[in-house]
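Undergrad: sequence and computational prediction follow.
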Amino acid sequence: MAIVNSKTGEVRRTYTIPELKEQARLLRGYNLVCLHAAGSGHAGGTLSAMDITAALYLRVANHDPADPDWPERDRIIWSTGHKAPCLYLGLAFAGFCNKEDVSTLRKLYSPFQGHPHWLKLPGVEFSTGSLGQGLSLGVGQALALKLDGRRAKVFCIMGDGEQQEGSVWEAAMEAGHYHLDNLIGIVDVNRLQIDGKVADVMDVEPLADKYRAFGWDVVHINGHDMEQVVMALEEAKTRPQAGAGGHTGQPLVILADTVKGKGVSFMEDVAGWHGKSPNREEMLKGLEELGVQGQVPVEALLEHAKQYQAEVDRRLDAKMPKFGANYWWNAGPAMKADMKPTRVGFGESLARNGGDPRIVCLGLDISGSITISEFYSKHPERKNRWLSMGIAEQSATAAAAGLAKEGKLPVIGTYATFAAARNLDQIRTSICYGQFNVLIAGAHGGVSVGPDGATHQALEDCFAMTALPNMNVVVPCDVVETEKATTYLLLKHVGPKYIRFAREATPIVTTEATPFEFGKANVIRFRREGERFREAFETVLESEYKSENEDLSIIACGPMVPEAMRAAFILKKQFGFETRVLNLHTLKPIDTAALVRAARDTGVVITAEEHQIGALAWRVSGVLTASEALYGMPVITGAIGVQDRYGDSGAPWELVKEFEVSAEHIAHKAAQLMELKKKKLRIPLEMGVRKN
Ligand SMILES: Cc1ncc(C[n+]2csc(CCOP(=O)(O)OP(=O)(O)O)c2C)c(N)n1
């Protein structure tokens, strides 16, 4: 069976082996075009899994495009969510959705998110992207199918690097324990992950012995030999299975030998193609090598993507607050700003200070992108202090505490959501409770991570980190401040510490001379339009600042500080308002005095964070609420940040607009609050300000 009419049982379409081979080539071709149109994505792993995709979606799995939720369907889980294009194209080729639409991959509002979201696209079984969770999802589904007496199977596709996640083995144990003979794991063994060879990053072999030890059957195949792929999957499907409620069989894992980047010579077996999309030339070369030019409607797909993007642009523009002029970054000379990602400052500090023999850096297979690899990249002699831990955030976090106990200075980093959420209990119990000196780097924080989408956009990490007793949290505003903050935390501060930085290039708004004192806010004031944006501002340590009785305060951290500065610029130009911008780079311990003074001096306080509203806003409110110095004084407050929703795929600056965390949104909110201040609270507020 394959693609069926679930109402009649009639087979809608099935494919012979030669036809499947042909479809796999086409799937690869569409994949290249869609990745090119997206401008980002994962070429390597999608190409390695495409033969399995063709066999599963077009021949082996029972499913009905007209009824994606058909209860008797076989379930297909993409535990490696970054291979989403395989899933989307598999569905499209099976008739669940339009092939052309997949060209909107990774674009804002698209159902074809950077990582799959089951609530956006019928046929997608689960939302995945955080590695190591798919097999557990499969265990749950397989158990439920058994309880309900259904004969459907659950297929779960995983990566070999992904096998480093401990949760995979918890699920493997559960499946063995419950004799889940309706669960079929498929491991795409392409031997590469992000940082290089799986064997070097953290060896997972012998995989077969490991699965067998947990009570699984194991089959080895060549994952590019269509006969073998189909035979293994069909045998898996037709294996005798215990009846409803019966628990006699064994789960099965298919270990599929594959080549990352399969089908495109210059991508094959090259780790660098893991998280990369082809440019036009590479795409065309790839299509030629696959022999599918003329069969894949390249220009129509690209045009479709372009049209879609034009509509996104219109929608976004319509929702942006408007002012008398365009104040966007680099819109004119006064808004000229140099841009560099904050993450670069982290790497620069590690490169500079890594000579200290106590420092050890723990890699979690995303080292280049988050810049932690700068620790050793130009210093091979430090390689013995570079500890590659694989994709295993939880164990590595506790291991960092172990290293700290022995007097080392461990630094551990990955995407903020995996650095501060996946391993939260390890941070809480093993690091914070014991007060261990571990520096945790939450990289790629905020929505501006971009097209990877919600699963990779840390928007809650600072809640968790600021809530933990003994933890210290710094969110620097630009690349220069990130370097200073990293150096301070690394060498001066003893105890649990979390630094959060971002992926996208953001404006450089500080210099070497700008003060940075851990735990102390800076005041940034707009003075006069300059040659460049940064020159329009003066920055001083808040404790040394004398109030100018400004109209309002904006309190920001991280790359929201440049946005707050731009808002101050807009507010002065458009309304004549004077704004006190507070750079609250240290979220914990919080600079209580600076916050109270800002509230007392200005009476209007707006917080700005690239995070779910609250990590900054509620901490600031907490300080203001508890401050005796403010009793009886009205303070008008507003909060800018993500409004209790998950992220989305899209270009970084599009997401800044969509999630309403731009300077324009801050300025718009400020103007509204200033109306309130003027209309309702002028007298008491002015009295309050003068009294103090
Ligand atoms: C929990 C978690 N940690 C880290 C990542 C970032 N990440 C995405 S893909 C990847 C490598 C995956 O390697 P592998 O499983 O071998 O997949 P393949 O090489 O086949 O693409 C990593 C570390 C993630 N998505 N989830």
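TA: Great, that's in hand.
Undergrad: and the stretch 51-200 of the chain, which residues reach the ligand?
TA: The stretch 51-200 of the chain has residues 80, 82, 129-132, 159-162, 188, 190, 192-194 near the ligand, with proximity defined as C-beta under 6 Å from any ligand atom. Every C-beta, even on glycine, is put in place using the N, C-alpha and C of the backbone.
Undergrad: hmm, 5 Å instead?
TA: Within the stretch 51-200 of the chain, the positions lying close to the ligand (C-beta under 5 Å from any ligand atom) are 82, 130-131, 159-162, 188, 190, 193-194.
Undergrad: and what of the chain?
TA: 45, 82, 130-131, 159-162, 188, 190, 193-194, 365, 391, 418.
Undergrad: which of those sit farthest apart?
TA: Using C-beta to C-beta, the two most remote members of the residues of the chain next to the ligand are 190 and 418, lying 21.5 Å apart.
Undergrad: check the burial of the residue in the stretch 401-550 of the chain positioned nearest to the ligand by counting its neighbours.
TA: Residue of the stretch 401-550 of the chain nearest the ligand, by C-beta to the nearest ligand atom: residue 418 (4.4 Å). As a burial measure, residue 418 scores 26 neighbours (other C-beta atoms under 10 Å).
Undergrad: quick one, what contacts the closest residue in space to it that isn't next to it in sequence?
TA: Nearest residue to residue 418, sequence neighbours excluded (C-beta to C-beta, 6 or more residues apart in numbering): residue 393, at 4.9 Å. Contact analysis of residue 393 by C-beta atoms under 8 Å, 6 or more residues apart in numbering lists 364, 414, 418-419, 422-423.
Undergrad: you'd agree residue 71 is up against residue 150?
TA: Yes - assessed by C-beta atoms under 8 Å, residue 71 is found in contact with residue 150 at 6.7 Å.
Undergrad: who has more neighbours out of the two?
TA: Each of residue 71 and residue 150 has its neighbours counted (other C-beta under 10 Å); residue 150 has more, 15 against 10.
Undergrad: residue 615 and residue 607 touch, don't they?
TA: No - between residue 615 and residue 607 there is no contact under C-beta under 8 Å: 9.5 Å.
Undergrad: quick one: whichever residue of the chain sits closest to the ligand from residue 268, how far?
TA: Closest contact between the chain and the ligand, by C-beta to the nearest ligand atom, is at residue 159 (2.0 Å). As judged by C-beta to C-beta, to the nearest Å, residue 159 and residue 268 stand 17 Å apart.
Undergrad: comparing those two, which residue is more hemmed in?
TA: When residue 159 and residue 268 are compared on other C-beta under 10 Å, the one with more neighbours turns out to be residue 159, at 28 against 17.
Undergrad: would you map the helices across the stretch 351-500 of the chain?
TA: In the stretch 351-500 of the chain, the segments counted as helices under DSSP state H, counting those that start in this stretch are 367-370, 374-377, 393-405, 416-420, 424-425, 461-467, 479-487.
Undergrad: what pLDDT does residue 679 get?
TA: Residue 679 carries a pLDDT value of 84.
Undergrad: any idea which helix or strand carries it?
TA: Secondary structure from DSSP states H and E places residue 679 in helix 663-680.
Undergrad: quick one: the helices in the stretch 551-692 of the chain?
TA: Using DSSP H, counting those that start in this stretch, helices in the stretch 551-692 of the chain cover 560-575, 592-602, 617-626, 652-658, 663-680, 682-691.
Undergrad: looking at those helices, which is nearest to residue 404?
TA: Distance to residue 404, taken as C-beta to C-beta, is lowest for helix 617-626 among those, at 26.4 Å.
Undergrad: mean confidence score for the closest one?
TA: Mean pLDDT, helix 617-626: 97.
Undergrad: would you mark the buried spots in that helix?
TA: Residues of helix 617-626 classed as buried: 617, 619-621, 623-624 (neighbour count, 16 or more other C-beta atoms under 10 Å).
Undergrad: quick check, pLDDT for the nearest residue to residue 114 once chain neighbours are set aside.
TA: Excluding the flanking residues, the one nearest residue 114 by C-beta to C-beta, 6+ apart is residue 453, at 3.8 Å. Residue 453 carries a pLDDT value of 97.
Undergrad: how many neighbours does the nearest residue to residue 614 once chain neighbours are set aside have?
TA: Nearest non-adjacent residue to residue 614, counting by C-beta to C-beta, 6+ apart: residue 463, 6.5 Å away. Per other C-beta under 10 Å, the neighbour tally for residue 463 reads 16.
Undergrad: check which residues of the helix holding residue 679 are buried.
TA: 663-671, 673-674, 677.
Undergrad: equivalent analysis for stretch 460-469, please.
TA: 460-466, 468.
Undergrad: what would these look like in CSV with pLDDT and distance to residue 407?
TA: Shown next, in CSV, are the buried residues of stretch 460-469 (pLDDT from 0 to 100; distance: C-beta to C-beta, whole Å):
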residue, pLDDT, distance to residue 407
460, 98, 33
461, 98, 28
462, 98, 29
463, 98, 31
464, 97, 27
465, 98, 24
466, 98, 27
468, 98, 23
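Undergrad: of all the residues you listed, which comes closest to residue 39?
TA: Closest to residue 39, out of all of those and judged by C-beta to C-beta, is residue 461, at 26.3 Å.
Undergrad: what pLDDT does the closest residue to the closest one other than its chain neighbours get?
TA: Closest residue in space to residue 461, ignoring its immediate chain neighbours: residue 420 at 3.8 Å, by C-beta to C-beta, 6+ apart. pLDDT, residue 420: 98.
Undergrad: go through stretch 482-496 and flag the buried ones.
TA: Applying 16+ other C-beta under 10 Å to stretch 482-496 flags 482-490, 493, 495-496 as buried.
Undergrad: for that stretch, output the C-alpha coordinates as CSV.
TA: What follows is stretch 482-496 as a C-alpha-only set of coordinates in CSV (Å, rounded to 0.1, in the frame of the first residue of the first chain):
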residue,chain,number,x,y,z
THR,A,482,30.0,41.6,24.5
GLU,A,483,33.8,41.3,24.4
LYS,A,484,34.1,43.4,27.6
ALA,A,485,31.3,41.4,29.4
THR,A,486,32.8,38.0,28.4
THR,A,487,36.2,39.0,29.6
TYR,A,488,34.8,40.3,32.9
LEU,A,489,32.7,37.2,33.5
LEU,A,490,35.4,34.8,32.5
LEU,A,491,38.2,36.2,34.5
LYS,A,492,36.8,38.4,37.3
HIS,A,493,33.4,37.1,38.3
VAL,A,494,33.3,33.9,40.3
GLY,A,495,30.1,32.0,40.3
PRO,A,496,27.3,30.8,38.0
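Undergrad: quick one: contacts of it?
TA: The contact list for stretch 482-496, computed with C-beta under 8 Å, 6+ apart, reads 342-346, 348-350, 352-353, 356, 359, 409, 411, 427, 431-432, 435-440, 468, 470-472, 474, 476, 497, 499, 501, 516, 518, 585.
Undergrad: now do it, average pLDDT.
TA: Rounded mean pLDDT across stretch 482-496 is 98.
Undergrad: same question, stretch 410-417
TA: 98.
Undergrad: circling back: what's the separation between the nearest residue to the residue of the chain closest to the ligand once chain neighbours are set aside and residue 274?
TA: Closest residue in space to residue 159, ignoring its immediate chain neighbours: residue 80 at 4.4 Å, by C-beta to C-beta, 6+ apart. Look at residue 80 and residue 274: by C-beta to C-beta, they are 11 Å apart.
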